[in-house]
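> just to be clear, the model below is a prediction. Sequence and coordinates:
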Amino acid sequence: MRSFLSLSMLLSLSFILTGCYAISPSPKPMPRGYSSYDQAFKSAKGAPARDIGYEYSNNKNNDNIDDMRFAALELVEMLDEKLERSVNSIYLRSPANTAFYNSFDYLLRNELMQSGYHLENSAKGVVNVDFVAKHASAKCMNNNEGEYIYLALAIDVTNNVASSVVGGFYQVPLNDYIPAGHVKLDVPSCSSE
């Protein structure tokens with residue numbers, strides 16, 4: 001009988017202590033987590049990077065952006081003249097999600113904001129501007145100085161036709177360039193430059 005009482009008391013006491021520990025306000029032990037604190041973190045390999053037309057480095061990327069900046073600045077200046085500062089808000093569309101179009105989208109947005117335009121997230125009730133990049137004619141492309149491309153800003157595109165266009169021929173890096181977009185646009189003759 002004595003052993004039964006001591007065994008039942010021991011079991012009761014262990015249940016009580018276990019219950020107290022489970023609902024105790026004291027902090028619980030932290031999980032182990034990453035087990036090798038003194039070593040470099042080893043994560044799983046990510047997806048391979050998308051090809052952007054050149055071996056990426058910070059310097060190479062900055063050089064490409066700088067080579068495109070003049071074209072973006074000039075396009076925004078031509079847009080200013082065309083709109084005669086009567087417009088404050090613009091919705092800018094880029095035709096594709098590639099390194100070429102994303103770079104120009106970034107540069108155009110910066111130049112538009114520097115010129116005082118408010119960039120909208122919706123096309124309703126504001127001037128819509130589409131960025132267009134088209135291959136130049138063979139005569140323009142076979143210049144000794146390199147390849148040229150026709151870059152333009154198409155204003156208020158309806159049924160794939162712009163009400164007005166500003167643009168010109170530029171020598172910019174064509175890394176990751178693909179013909180894209182829905183705007184029907186005739187590339188002017190490069191001799192008119």
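Sure, I can see it. Numbering: from 1, shown residues only.
> going forward, measure contacts between C-alpha atoms and count neighbours the same way
Fine.
> ranges for the helices of this structure?
2-22, 58-83, 99-114, 138-141 (DSSP state H).
> can you tell me the closest non-neighbouring residue to Asp67?
Spatially, and ignoring its direct neighbours in sequence, Asp67 is nearest to Val172 (6.0 Å; C-alpha to C-alpha, 6 or more residues apart in numbering).
> against Phe41, how distant is the residue most central in space within the chain?
The centroid of the chain falls nearest to Asn102 when counting by C-alpha atoms, centre = their mean (5.8 Å). According to C-alpha to C-alpha, to the nearest Å, Asn102 stands 32 Å off from Phe41.
> please apply the same query to Leu185.
Taking C-alpha to C-alpha, one finds Leu185 at 52 Å from Phe41.
> low-scoring stretches of this protein, by residue?
Counting by pLDDT under 70, the chain shows low-confidence ranges at 1-5, 13, 15-38, 85, 137-146, 160, 190-193.
> hmm, 50 instead?
For the chain, the stretches with pLDDT under 50 are 192-193.
> would you confirm that the residue nearest to Asp67 contacts Tyr148?
Yes - assessed by C-alpha atoms under 8 Å, Val172 is found in contact with Tyr148 at 7.1 Å.
> tell me which of those two has more neighbours.
For Val172 versus Tyr148, neighbours defined as other C-alpha atoms under 10 Å are more numerous around Tyr148 (24 against 21).
> that one touches Ala136, doesn't it?
Yes - using C-alpha under 8 Å, Tyr148 is in contact with Ala136, at 6.3 Å.
> one step back: who has more neighbours, Leu185 and Phe41?
Leu185 (15 against 9).
> grab the nearest non-local neighbour of the more buried one.
Nearest one to Leu185, counting by C-alpha to C-alpha, 6+ apart, is Val161 at 7.3 Å.
> neighbours around that neighbour, how many?
By other C-alpha under 10 Å, the residues close to Val161 number 15.
> tell me the contacts of it?
183-185 (C-alpha atoms under 8 Å, 6 or more residues apart in numbering).
> between those, which is nearest Asp156?
Ranked by distance to Asp156 (C-alpha to C-alpha), the contacts of Val161 are led by Val183 at 10.4 Å.
> burial check on Glu111, number of neighbours?
19.
> thought it was touching Ala71?
No - counting by C-alpha under 8 Å, Glu111 stays clear of Ala71, with 10.5 Å between them.
> with Lys45 as the reference, measure out to Asn159.
45 Å.
> please read the previous query as pertaining to Asn61.
Following C-alpha to C-alpha, the distance that separates Asn61 from Lys45 is 23 Å.
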